[in-house]
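coordinates for the following, if possible.
(2 chains, ligands or ions: 2)
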Amino acid sequence: MADFWLEVADITQSAMDGLLYGSTYALIGIGFTLIFGVMRKVNIAFGAASLAGTYASLVAFQVLHAPAIVVFAVSVIASGVLGYVVYLTCFRFIAASNELGSLLATIGMLLFLDEVTVVSTQGMPMPYPVLFSDTMLFFGPFSLRSDLLLVFVASVVCTGILLAVIYRTRLGLATRVVSQQPVAALLCGISVPRTNATTFVLSGFLGGVAGSFIASSVGLLSPLLLIPVTLKGLVVTVIGGLGSIPGAIVAGLLVGLLENVFLYFRGVTERDIYVMLLLFIFLAVRPRGLLGRLHA
Amino acid sequence: MLVIENIVTAYGKIEALRGVSMEAQEGRITCLLGPNGAGKTTLMYTVAGILHARRGSVRLQGQELVGKPSSEIVRRGLALVPENRLTFPEVSVRENLIAGAYLRLTRDKAGVAEDLERQLVRFPRLRERINQDAGTLSGGEQQMLAVARALMARPRILLMDEPSLGLAPLVVEEIFRTIHELNAEGVTVLLVEQNAHMALQIAHHFYLLEQGRITFSGVPGALQEDEVIHRAYLGGSGASSH
Ligand SMILES: Nc1ncnc2c1ncn2[C@@H]1O[C@H](COP(=O)(O)OP(=O)(O)OP(=O)(O)O)[C@@H](O)[C@H]1O
Ligand SMILES: [Mg+2]
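Ligands and ions are numbered 1, 2, ... in the order given. Alright, predicted model coming up:
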């Protein structure tokens, strides 16, 4: 009996850790979702551009020996810039009707950015500075890693800022209406290309936050992060419901939680298999995701 | 006020407008009639900067509009209520209206709030639905919203593309009454209609567009009116006879 309760406590502990870490997946998912929401197109290169921006911040760390907060800021800005580059190369000059063209271009961009990071680091994992101090906080039978807790809090703050931008500002109004009715948006005097570009930069900022948090939680930045981050971003976007920001938040936390429970039962090698299965289950059983609209 | 000269607009190789010239005079209601496929919407989109003319010129108070981006055209005082209304379905009525004033949202908060109130006085039904998503409105309410959104840009000239399309007779009357009121307030109106009977009751001047060309122009009440109405509905003998 005692064993059983110990097990329950362990699972709960895993689930909590996963939930906290899942906030970074929520950020990545929101990034995918923003772009999908405004352009109705998938940007597969989003995770790659975000991690490449985080890699760029290593320059501040290794060469300039800047403090962790500066490294973090560089990651955010560099990812925003790369978001714009992805927009220019994969969307701006490819006709809106050429959906396959843009999709293939973003796949190319993913491989390109991956290649560039691998070549410039010789594929070696790079140490990443600690953003939040790593101590254990104890609550009864449970403990929490303070850095994960702070990542969670910071992700919530970033999400809040983003929601405020989307729902409370002129720019946010533009991003929402451009996707719903581009011609009418033009008739209101809104520039559609500029709005799209801004959305890529905004989502890039979020990606840079997420990349930096992920690298700091792991302690390392490695090209091996690319595939999990990209896949989880896509899984979160689909489970949340394509185009739904609240959906991406809930799904990010859920995927983080389930992933850690899978990890607990099946180990690190099998973990992502089950995460991928979630994707297929949702696509088959509930294609509009948790909070997506029916037509999306 | 608005002078359109020899406009040619094409979709690929097909010229939908084949040298259109017409004029909307300041303070007047000018009506553009024409059968389905004549090119009325193409002309409206060309003037508003959504479609790009191959040739020709559009001048608003002497300033050339061809080649200007749509935002610049809005800024100069031209607003279009597009065919099929094109309201933003998943944002609230309030935000639809705010979007109409997009270009001066940051500079002129007080003015925007004032204009918003003015539209809600003009269309009380919009006030009742102010926080509802526009997609949940009836067709007539959406048309009012589309008109109100265009007015939020404070246009000097208002273009309207078939505002009566698909609406019940009572609602159509309301829309036409609004057009008349707006004009009385000093807004120049260029109205595209297939509902020629209604349109000619309020128009000061009208044009007939057939197969991408202006084939008739005149004032309501003139002798040829019956034939014009007939051709506007049915696309009768068409451009060939002119
Ligand atoms: N996107 C498009 N691509 C190709 N041809 C088009 C396109 N839009 C319109 N056309 C063609 O251009 C011509 C003019 O169309 P337009 O929509 O301007 O007519 P309209 O007078 O507004 O008709 P309606 O009364 O039905 O609204 C038509 O022959 C139409 O088939
Ligand atoms: Mg039309």
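
name the residues of chain B found near ligand 1, please.
Contact residues, chain B versus ligand 1 (C-beta under 6 Å from any ligand atom): B:11, B:14, B:16, B:34, B:36-42, B:83, B:194. In short, each C-beta sits where N, CA and C put it, glycine included.

which of these scores worst on pLDDT?
Minimum pLDDT for the residues of chain B next to ligand 1 is recorded at residue B:194 (86).

could you name the helices and strands sitting against the longest helix along chain B?
Scanning chain B for the helix with the most residues, using DSSP state H, yields helix B:169-184. Judged by 3 or more C-beta pairs under 8 Å, 6 or more residues apart in numbering or on different chains; DSSP states H and E, helix B:169-184 is in contact with strand B:29-33, helix B:139-151, strand B:188-193, helix B:196-202.

what residues sit buried inside it?
B:171-172, B:174-176, B:178-179, B:182-183 (16 or more other C-beta atoms under 10 Å in any protein chain shown).

can you redo the residues of chain B next to ligand 1 as a markdown table with secondary structure?
Compiled in a markdown table, the residues of chain B next to ligand 1 are given as follows (DSSP: H, G, I helix; E, B strand; the rest coil):
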| residue | secondary structure |
| --- | --- |
| B:11 | strand |
| B:14 | strand |
| B:16 | strand |
| B:34 | coil |
| B:36 | coil |
| B:37 | coil |
| B:38 | coil |
| B:39 | coil |
| B:40 | helix |
| B:41 | helix |
| B:42 | helix |
| B:83 | coil |
| B:194 | coil |
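
give the ChimeraX command for selecting the buried subset of the residues you listed.
Buried residues among those (16+ other C-beta under 10 Å), as a ChimeraX selection:
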select /B:16,34,38,39,40,41,42,83,194
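
re the thing from before, rank the helices and strands packed on helix B:169-184 by pLDDT, which is bottom?
Across those, helix B:196-202 gives the lowest mean pLDDT, at a mean of 88.

what packs against that helix?
strand B:29-33, helix B:169-184, strand B:188-193, helix B:225-234.

how about the helices in chain A?
Counting by DSSP H, the helices of chain A are A:2-39, A:46-62, A:68-87, A:99-121, A:146-168, A:170-180, A:182-187, A:192-218, A:226-240, A:245-266, A:268-285.

follow-up on the earlier one: figure out which of the helices and strands packed on helix B:196-202 is closest to residue B:72.
Across the helices and strands packed on helix B:196-202, residue B:72 has its closest neighbour in strand B:188-193 (18.6 Å, C-beta to C-beta).

how big is the angle separating the closest one from helix B:225-234?
60 degrees (axes from the mean of the first three to the mean of the last three C-alpha atoms, to 10 degrees).

may I have strand B:188-193 exported as CSV, CA atoms only?
C-alpha atoms of strand B:188-193 as CSV (Å, rounded to 0.1, in the frame of the first residue of the first chain):
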residue,chain,number,x,y,z
THR,B,188,-20.1,62.5,-52.2
VAL,B,189,-21.4,59.1,-53.1
LEU,B,190,-20.6,56.7,-56.0
LEU,B,191,-23.1,54.0,-55.9
VAL,B,192,-23.0,50.7,-57.8
GLU,B,193,-26.4,49.1,-58.1
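
given that strand, what are its sheet partners and their directions?
Strand pairing for strand B:188-193, determined by DSSP bridges: strand B:29-33 (parallel), strand B:157-161 (parallel).

list the contacts for the closest residue to ligand 2 within chain B?
Going by C-beta to the ion, ligand 2 is nearest to residue B:41 of chain B, at 3.1 Å. Listed by C-beta atoms under 8 Å, 6 or more residues apart in numbering or on different chains, the contact partners of residue B:41 are B:83, B:161-162, B:192.

so the nearest residue to residue A:45 once chain neighbours are set aside versus residue A:217, what's the distance?
For residue A:45, ignoring the flanking residues on the chain, the nearest one in space by C-beta to C-beta, 6 or more residues apart in numbering or on different chains is residue A:109 at 3.8 Å. Going from residue A:109 to residue A:217 by C-beta to C-beta, to the nearest Å gives 26 Å.

next one: residue B:143
53 Å.

state the pLDDT value of residue 20.
You didn't pick a chain, so chain A it is. So residue A:20 comes in at 92 (pLDDT).

that's the wrong chain, I meant chain B
97.

dump the residue contacts of the residue most central in space within chain B.
By C-alpha atoms, centre = their mean, chain B has its centre lying nearest to residue B:160, at 1.6 Å. Each residue near residue B:160 by C-beta under 8 Å, 6+ apart is listed here: B:80-81, B:147, B:150, B:179, B:189-192.
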